[in-house]
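Novice: Here is a sequence with its predicted model. Questions after.
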Amino acid sequence: MENEKINIKNGWPLAGNRQIADFLEKSAVNGKIANTYIFLGPEDLGKTATAIFFAQSLLCHKQKAGVFSFPCGTCLSCQQMRNHGGADAGFETLHSDFHLLKKDKDKKNISIEQIREFIRILEMSSFFNSYKIGIIKDADNLSESAANALLKTLEEPRPKVVVILTASRLEKIPATIISRSQILRFSPVKSSIIYDYLVDDLQCPRTSAKDFARLAAGRPALAAKFFADREFYQSYADKAENFLEFFSGNINERFNAVEKIINNETDEEKVKNILNVFNIWRGVIRDFLLLATNNGDLIRHEPWRERLEKISAALSKSKLLKINILLETGEKYVRANVNPRLVLENIAINI
(Lines give C-alpha, C1' and ligand atoms only; values in the text may rest on other atoms or scores of the structure.)
Protein backbone atom coordinates (compact mmCIF):
# COMPACT_ATOMS: atom_id res chain seq x y z
CA MET A 1 0.00 0.00 0.00
CA GLU A 2 1.38 3.39 -0.93
CA ASN A 3 2.29 5.32 2.22
CA GLU A 4 1.12 8.91 1.71
CA LYS A 5 2.53 10.14 5.00
CA ILE A 6 6.18 9.23 4.39
CA ASN A 7 8.24 12.16 5.65
CA ILE A 8 11.94 12.86 5.34
CA LYS A 9 13.41 15.82 7.17
CA ASN A 10 14.78 18.80 5.26
CA GLY A 11 13.70 17.75 1.81
CA TRP A 12 11.58 15.64 -0.46
CA PRO A 13 9.60 12.69 0.93
CA LEU A 14 11.86 10.30 -0.94
CA ALA A 15 14.39 7.71 0.11
CA GLY A 16 16.32 7.16 -3.08
CA ASN A 17 15.10 8.22 -6.55
CA ARG A 18 16.75 11.59 -6.07
CA GLN A 19 16.68 12.08 -9.86
CA ILE A 20 12.89 12.54 -9.62
CA ALA A 21 13.24 15.41 -7.16
CA ASP A 22 16.03 17.01 -9.21
CA PHE A 23 13.92 16.89 -12.37
CA LEU A 24 10.85 18.41 -10.71
CA GLU A 25 12.91 21.16 -9.09
CA LYS A 26 14.51 22.09 -12.42
CA SER A 27 11.13 22.06 -14.13
CA ALA A 28 9.76 24.50 -11.57
CA VAL A 29 12.81 26.78 -11.79
CA ASN A 30 12.59 26.85 -15.59
CA GLY A 31 8.85 27.35 -15.59
CA LYS A 32 8.35 24.13 -17.57
CA ILE A 33 5.69 22.41 -15.54
CA ALA A 34 3.94 19.72 -17.59
CA ASN A 35 0.16 19.60 -17.74
CA THR A 36 0.17 15.84 -17.11
CA TYR A 37 2.66 13.58 -15.32
CA ILE A 38 2.71 9.84 -14.82
CA PHE A 39 4.64 8.81 -11.71
CA LEU A 40 5.41 5.21 -12.63
CA GLY A 41 6.87 2.39 -10.57
CA PRO A 42 6.12 -0.43 -8.12
CA GLU A 43 4.02 0.27 -5.05
CA ASP A 44 5.52 1.74 -1.88
CA LEU A 45 8.26 3.86 -3.46
CA GLY A 46 6.71 7.14 -2.33
CA LYS A 47 5.05 8.12 -5.63
CA THR A 48 1.90 9.57 -4.06
CA ALA A 49 3.82 11.26 -1.25
CA THR A 50 6.11 12.88 -3.82
CA ALA A 51 3.14 14.02 -5.92
CA ILE A 52 1.50 15.62 -2.86
CA PHE A 53 4.75 17.32 -1.84
CA PHE A 54 5.25 18.66 -5.38
CA ALA A 55 1.69 19.99 -5.40
CA GLN A 56 2.18 21.65 -2.03
CA SER A 57 5.40 23.24 -3.29
CA LEU A 58 3.72 24.69 -6.39
CA LEU A 59 0.79 25.99 -4.36
CA CYS A 60 2.90 27.54 -1.59
CA HIS A 61 2.49 31.34 -1.53
CA LYS A 62 6.22 31.84 -0.97
CA GLN A 63 7.18 30.07 -4.18
CA LYS A 64 8.78 32.51 -6.62
CA ALA A 65 9.38 32.31 -10.38
CA GLY A 66 12.87 31.09 -11.26
CA VAL A 67 13.42 29.60 -7.81
CA PHE A 68 12.30 26.34 -6.22
CA SER A 69 11.56 26.37 -2.52
CA PHE A 70 10.19 23.69 -0.25
CA PRO A 71 6.72 24.40 1.15
CA CYS A 72 7.02 26.99 3.90
CA GLY A 73 4.41 25.28 6.04
CA THR A 74 3.09 28.56 7.40
CA CYS A 75 1.28 30.36 4.56
CA LEU A 76 -2.48 29.92 4.15
CA SER A 77 -2.01 27.51 1.25
CA CYS A 78 0.37 25.27 3.21
CA GLN A 79 -1.94 25.32 6.22
CA GLN A 80 -4.84 24.21 4.05
CA MET A 81 -2.70 21.44 2.52
CA ARG A 82 -2.21 19.83 5.91
CA ASN A 83 -3.60 16.34 6.17
CA HIS A 84 -6.92 16.44 7.99
CA GLY A 85 -7.63 12.74 7.43
CA GLY A 86 -7.24 10.22 10.21
CA ALA A 87 -4.77 7.36 10.12
CA ASP A 88 -7.14 5.28 8.00
CA ALA A 89 -8.70 8.07 5.97
CA GLY A 90 -5.68 8.78 3.78
CA PHE A 91 -4.65 12.26 2.73
CA GLU A 92 -7.46 14.81 3.03
CA THR A 93 -7.04 18.58 2.83
CA LEU A 94 -9.13 21.74 2.90
CA HIS A 95 -7.34 23.21 -0.11
CA SER A 96 -9.74 24.21 -2.87
CA ASP A 97 -7.03 24.10 -5.57
CA PHE A 98 -5.95 20.54 -4.81
CA HIS A 99 -7.81 17.27 -5.27
CA LEU A 100 -6.65 13.69 -4.66
CA LEU A 101 -8.71 10.97 -6.31
CA LYS A 102 -8.62 7.32 -5.24
CA LYS A 103 -10.55 4.24 -6.23
CA ASP A 104 -13.42 3.52 -3.86
CA LYS A 105 -12.40 0.70 -1.56
CA ASP A 106 -15.19 -1.66 -2.60
CA LYS A 107 -14.91 -0.97 -6.35
CA LYS A 108 -12.83 -2.63 -9.03
CA ASN A 109 -12.11 0.56 -10.99
CA ILE A 110 -12.06 4.33 -10.77
CA SER A 111 -15.46 5.21 -12.18
CA ILE A 112 -16.47 7.76 -14.80
CA GLU A 113 -18.53 9.54 -12.12
CA GLN A 114 -15.39 10.03 -10.03
CA ILE A 115 -13.49 11.38 -13.04
CA ARG A 116 -16.31 13.76 -13.95
CA GLU A 117 -16.22 15.21 -10.44
CA PHE A 118 -12.41 15.37 -10.63
CA ILE A 119 -12.64 17.32 -13.92
CA ARG A 120 -15.34 19.63 -12.53
CA ILE A 121 -13.11 20.59 -9.61
CA LEU A 122 -10.07 21.23 -11.82
CA GLU A 123 -12.13 23.39 -14.21
CA MET A 124 -13.12 25.77 -11.42
CA SER A 125 -11.12 28.99 -11.11
CA SER A 126 -8.19 28.90 -8.72
CA PHE A 127 -9.10 30.35 -5.34
CA PHE A 128 -5.61 31.80 -4.89
CA ASN A 129 -5.07 32.63 -8.60
CA SER A 130 -2.48 29.85 -8.68
CA TYR A 131 -2.26 26.27 -9.91
CA LYS A 132 -5.09 23.76 -9.88
CA ILE A 133 -3.58 20.37 -9.16
CA GLY A 134 -5.21 16.97 -9.27
CA ILE A 135 -3.67 13.62 -8.38
CA ILE A 136 -5.16 10.31 -9.47
CA LYS A 137 -3.76 7.56 -7.28
CA ASP A 138 -3.37 4.15 -8.95
CA ALA A 139 -4.52 5.46 -12.31
CA ASP A 140 -3.97 2.00 -13.80
CA ASN A 141 -7.37 1.27 -12.21
CA LEU A 142 -9.25 3.71 -14.44
CA SER A 143 -12.28 2.18 -16.11
CA GLU A 144 -12.37 2.51 -19.90
CA SER A 145 -15.09 5.14 -19.77
CA ALA A 146 -13.26 7.05 -17.02
CA ALA A 147 -10.03 7.04 -19.06
CA ASN A 148 -11.88 8.35 -22.11
CA ALA A 149 -13.45 11.15 -20.09
CA LEU A 150 -10.07 12.11 -18.64
CA LEU A 151 -8.49 12.08 -22.10
CA LYS A 152 -10.88 14.77 -23.32
CA THR A 153 -9.58 17.08 -20.58
CA LEU A 154 -5.93 16.25 -21.25
CA GLU A 155 -6.33 16.94 -24.97
CA GLU A 156 -7.12 20.59 -24.27
CA PRO A 157 -5.13 21.42 -21.12
CA ARG A 158 -5.82 24.68 -19.34
CA PRO A 159 -2.95 26.90 -18.18
CA LYS A 160 -1.72 26.12 -14.68
CA VAL A 161 -3.81 22.95 -14.40
CA VAL A 162 -1.59 19.99 -13.48
CA VAL A 163 -2.73 16.37 -13.40
CA ILE A 164 -0.47 13.73 -11.81
CA LEU A 165 -1.25 10.04 -12.31
CA THR A 166 0.47 7.46 -10.14
CA ALA A 167 0.63 3.94 -11.56
CA SER A 168 2.40 0.60 -11.23
CA ARG A 169 1.48 -0.81 -14.64
CA LEU A 170 1.91 1.46 -17.64
CA GLU A 171 0.26 -1.05 -19.95
CA LYS A 172 -3.03 -0.48 -18.11
CA ILE A 173 -3.10 3.19 -19.10
CA PRO A 174 -4.35 4.07 -22.60
CA ALA A 175 -1.61 5.02 -25.07
CA THR A 176 -3.48 8.24 -25.85
CA ILE A 177 -3.03 9.37 -22.24
CA ILE A 178 0.59 8.20 -22.10
CA SER A 179 1.43 10.23 -25.22
CA ARG A 180 0.24 13.40 -23.50
CA SER A 181 2.15 12.79 -20.27
CA GLN A 182 5.60 13.35 -18.86
CA ILE A 183 6.61 9.94 -17.46
CA LEU A 184 8.81 9.86 -14.35
CA ARG A 185 10.02 6.35 -13.48
CA PHE A 186 10.52 5.46 -9.82
CA SER A 187 12.87 2.52 -9.19
CA PRO A 188 13.37 0.20 -6.19
CA VAL A 189 15.88 1.54 -3.68
CA LYS A 190 19.00 -0.10 -2.25
CA SER A 191 18.44 -1.62 1.18
CA SER A 192 21.36 0.43 2.55
CA ILE A 193 19.55 3.66 1.61
CA ILE A 194 16.32 2.39 3.19
CA TYR A 195 18.25 1.40 6.32
CA ASP A 196 19.73 4.89 6.65
CA TYR A 197 16.29 6.43 6.10
CA LEU A 198 14.74 4.28 8.83
CA VAL A 199 17.52 5.00 11.33
CA ASP A 200 18.24 8.67 10.57
CA ASP A 201 14.77 9.98 9.72
CA LEU A 202 12.40 7.68 11.58
CA GLN A 203 14.65 6.80 14.55
CA CYS A 204 14.07 3.08 14.03
CA PRO A 205 16.33 0.82 16.15
CA ARG A 206 19.22 -0.43 14.04
CA THR A 207 18.47 -4.15 14.36
CA SER A 208 14.85 -3.65 13.33
CA ALA A 209 15.88 -1.25 10.56
CA LYS A 210 18.14 -3.90 9.05
CA ASP A 211 15.31 -6.47 9.00
CA PHE A 212 12.71 -4.02 7.68
CA ALA A 213 15.03 -2.67 4.97
CA ARG A 214 15.68 -6.15 3.60
CA LEU A 215 12.08 -7.25 3.96
CA ALA A 216 10.84 -4.21 2.02
CA ALA A 217 12.68 -5.34 -1.14
CA GLY A 218 13.54 -1.86 -2.36
CA ARG A 219 10.34 -0.13 -1.19
CA PRO A 220 11.05 2.53 1.45
CA ALA A 221 7.41 3.37 2.15
CA LEU A 222 6.77 -0.30 2.91
CA ALA A 223 9.72 -0.38 5.29
CA ALA A 224 8.37 2.73 7.03
CA LYS A 225 4.99 1.08 7.45
CA PHE A 226 6.58 -2.06 8.92
CA PHE A 227 8.15 0.16 11.57
CA ALA A 228 5.16 2.42 12.21
CA ASP A 229 2.38 -0.18 12.16
CA ARG A 230 3.00 -3.27 14.24
CA GLU A 231 -0.30 -4.84 13.16
CA PHE A 232 0.61 -4.39 9.49
CA TYR A 233 4.00 -6.03 10.05
CA GLN A 234 2.37 -8.92 11.91
CA SER A 235 -0.04 -9.41 9.02
CA TYR A 236 2.91 -9.71 6.64
CA ALA A 237 4.67 -12.12 9.00
CA ASP A 238 1.55 -14.28 9.27
CA LYS A 239 1.31 -14.59 5.48
CA ALA A 240 4.98 -15.57 5.20
CA GLU A 241 4.67 -18.13 7.99
CA ASN A 242 1.45 -19.42 6.46
CA PHE A 243 3.39 -20.29 3.30
CA LEU A 244 6.21 -21.93 5.24
CA GLU A 245 3.62 -24.22 6.84
CA PHE A 246 2.74 -25.51 3.36
CA PHE A 247 6.08 -27.35 3.30
CA SER A 248 5.61 -29.23 6.57
CA GLY A 249 1.86 -29.92 6.62
CA ASN A 250 -0.27 -32.52 4.89
CA ILE A 251 -2.92 -31.64 2.31
CA ASN A 252 -5.61 -31.05 4.97
CA GLU A 253 -3.34 -28.66 6.84
CA ARG A 254 -2.61 -26.83 3.60
CA PHE A 255 -6.32 -26.45 2.92
CA ASN A 256 -6.72 -25.09 6.46
CA ALA A 257 -3.98 -22.59 5.66
CA VAL A 258 -5.96 -21.51 2.58
CA GLU A 259 -8.98 -20.90 4.82
CA LYS A 260 -6.89 -18.50 6.90
CA ILE A 261 -6.24 -16.46 3.77
CA ILE A 262 -9.77 -16.46 2.34
CA ASN A 263 -11.89 -14.30 4.64
CA ASN A 264 -15.05 -12.21 4.62
CA GLU A 265 -13.69 -9.22 2.71
CA THR A 266 -15.48 -7.86 -0.34
CA ASP A 267 -14.52 -9.51 -3.63
CA GLU A 268 -12.31 -6.61 -4.68
CA GLU A 269 -10.49 -6.52 -1.32
CA LYS A 270 -10.10 -10.29 -1.53
CA VAL A 271 -8.38 -10.10 -4.91
CA LYS A 272 -6.01 -7.39 -3.69
CA ASN A 273 -5.25 -9.44 -0.59
CA ILE A 274 -4.53 -12.58 -2.62
CA LEU A 275 -2.21 -10.71 -4.98
CA ASN A 276 -0.35 -9.42 -1.93
CA VAL A 277 -0.09 -12.99 -0.65
CA PHE A 278 1.42 -14.12 -3.96
CA ASN A 279 3.97 -11.29 -3.77
CA ILE A 280 5.04 -12.40 -0.29
CA TRP A 281 5.16 -16.08 -1.23
CA ARG A 282 7.27 -15.43 -4.31
CA GLY A 283 9.66 -13.50 -2.07
CA VAL A 284 9.97 -16.59 0.12
CA ILE A 285 10.69 -18.76 -2.94
CA ARG A 286 13.34 -16.25 -3.97
CA ASP A 287 14.99 -16.74 -0.56
CA PHE A 288 14.88 -20.53 -0.98
CA LEU A 289 16.64 -20.18 -4.34
CA LEU A 290 19.26 -17.85 -2.88
CA LEU A 291 20.00 -20.33 -0.10
CA ALA A 292 20.15 -23.17 -2.63
CA THR A 293 22.77 -21.26 -4.63
CA ASN A 294 24.88 -20.27 -1.59
CA ASN A 295 23.72 -16.65 -1.62
CA GLY A 296 22.15 -16.63 1.82
CA ASP A 297 23.54 -13.19 2.60
CA LEU A 298 20.99 -11.76 0.12
CA ILE A 299 17.81 -13.29 1.54
CA ARG A 300 14.91 -10.98 2.33
CA HIS A 301 13.26 -12.79 5.23
CA GLU A 302 16.13 -12.74 7.71
CA PRO A 303 13.94 -13.28 10.84
CA TRP A 304 12.93 -16.67 9.39
CA ARG A 305 16.42 -17.74 8.30
CA GLU A 306 16.56 -20.93 10.39
CA ARG A 307 13.25 -22.25 9.04
CA LEU A 308 14.13 -21.18 5.51
CA GLU A 309 17.43 -23.03 5.62
CA LYS A 310 15.79 -26.20 6.95
CA ILE A 311 13.05 -26.22 4.29
CA SER A 312 15.40 -25.20 1.48
CA ALA A 313 17.72 -28.12 2.21
CA ALA A 314 14.88 -30.54 1.41
CA LEU A 315 13.92 -28.91 -1.92
CA SER A 316 15.71 -29.24 -5.23
CA LYS A 317 16.30 -26.21 -7.44
CA SER A 318 14.02 -27.67 -10.11
CA LYS A 319 11.24 -28.09 -7.53
CA LEU A 320 11.65 -24.48 -6.40
CA LEU A 321 11.48 -23.23 -9.98
CA LYS A 322 8.31 -25.27 -10.58
CA ILE A 323 6.72 -23.77 -7.45
CA ASN A 324 7.67 -20.30 -8.62
CA ILE A 325 5.99 -20.95 -11.98
CA LEU A 326 2.95 -22.29 -10.10
CA LEU A 327 2.72 -19.03 -8.14
CA GLU A 328 3.18 -16.89 -11.27
CA THR A 329 0.40 -18.82 -13.01
CA GLY A 330 -1.83 -18.52 -9.95
CA GLU A 331 -1.36 -14.75 -9.89
CA LYS A 332 -2.33 -14.52 -13.56
CA TYR A 333 -5.48 -16.55 -12.89
CA VAL A 334 -6.49 -14.28 -10.00
CA ARG A 335 -5.95 -11.18 -12.15
CA ALA A 336 -8.16 -12.86 -14.77
CA ASN A 337 -10.95 -13.15 -12.15
CA VAL A 338 -10.63 -16.89 -11.52
CA ASN A 339 -11.99 -17.77 -8.07
CA PRO A 340 -9.10 -17.12 -5.59
CA ARG A 341 -10.06 -20.08 -3.42
CA LEU A 342 -9.76 -22.48 -6.35
CA VAL A 343 -6.39 -20.96 -7.31
CA LEU A 344 -5.00 -21.32 -3.80
CA GLU A 345 -6.34 -24.84 -3.37
CA ASN A 346 -4.67 -25.82 -6.65
CA ILE A 347 -1.38 -24.50 -5.31
CA ALA A 348 -1.90 -26.34 -2.03
CA ILE A 349 -2.37 -29.61 -3.96
CA ASN A 350 0.56 -29.20 -6.33
CA ILE A 351 3.21 -27.54 -4.21
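Specialist: That came through fine.

Novice: separation between K62 and T93?
Specialist: For K62, the distance to T93 (Cβ to Cβ, to the nearest Å) stands at 18 Å. Placement of C-beta: from N, CA and C, glycine included.

Novice: the more surrounded of those two?
Specialist: T93 (19 against 15; other Cβ atoms under 10 Å).

Novice: mind checking the backbone torsions on the nearest residue to that one once chain neighbours are set aside?
Specialist: Leaving aside its sequence neighbours, T93 sits nearest to M81 (Cβ to Cβ, 6 or more residues apart in numbering; 5.1 Å). With angles defined as degrees, to the nearest 10, M81 sits at phi -80, psi 0.

Novice: Which parts of the stretch 51-200 of the chain are helices?
Specialist: Using DSSP state H, counting those that start in this stretch, the helices of the stretch 51-200 of the chain run over 76-80, 112-123, 144-155, 175-178, 191-202.

Novice: Do I have it right that the residue nearest to T93 meets C72?
Specialist: No: at 10.8 Å, M81 does not count as touching C72 under the criterion of Cβ atoms under 8 Å.

Novice: Look at these two and report which has more neighbours.
Specialist: Just comparing M81 and C72: by other Cβ under 10 Å the higher neighbour count belongs to M81, 24 against 15.

Novice: how much space between the more buried one and D140?
Specialist: 26 Å.

Novice: And I119, by the same measure?
Specialist: Taking Cβ to Cβ, one finds I119 at 19 Å from D140.

Novice: Which positions within the biggest helix by length in the chain qualify as buried?
Specialist: Secondary structure of the chain read by DSSP state H shows that its longest helix is helix 267-292. In terms of neighbour count (16 or more other Cβ atoms under 10 Å), helix 267-292 has its buried residues at 270-271, 273-274, 277-278, 280-292.

Novice: Show me what secondary structure element comes after it.
Specialist: On the C-terminal side of helix 267-292, the nearest following helix or strand under DSSP states H and E is helix 305-312.

Novice: any residues touching that following helix, and which ones?
Specialist: Contact with helix 305-312 is made by L244, F247, S248, V284, D287, F288, L291, A292, G296, I299, H301, L320, as judged by Cβ atoms under 8 Å, 6 or more residues apart in numbering.

Novice: that older thread, could you list every helix and strand in contact with the longest helix of the chain?
Specialist: Counting contacts by 3 or more Cβ pairs under 8 Å, 6 or more residues apart in numbering; DSSP states H and E, helix 267-292 is packed against helix 230-245, helix 251-261, helix 305-312, helix 317-335, helix 340-350.

Novice: And those helices, which one averages the lowest pLDDT?
Specialist: Among those, helix 251-261 has the lowest mean pLDDT, at a mean of 85.

Novice: Which strand or helix spans the residue nearest to the spatial centre of the chain?
Specialist: The residue lying closest to the centre of the chain (Cα atoms, centre = their mean) is E43, at 2.3 Å. According to DSSP H and E, E43 maps onto no helix or strand at all.

Novice: Thought S168 was touching it, still the case?
Specialist: Yes: between E43 and S168 there is a contact under Cβ under 8 Å: 5.7 Å.

Novice: Run the chain-centre distance for the lengthiest strand in the chain.
Specialist: Longest strand in the chain by number of residues (criterion: DSSP state E): strand 161-167. Its chain's C-alpha centre and that of strand 161-167 lie 15 Å apart, by Cα atoms, centre = their mean, to the nearest Å.
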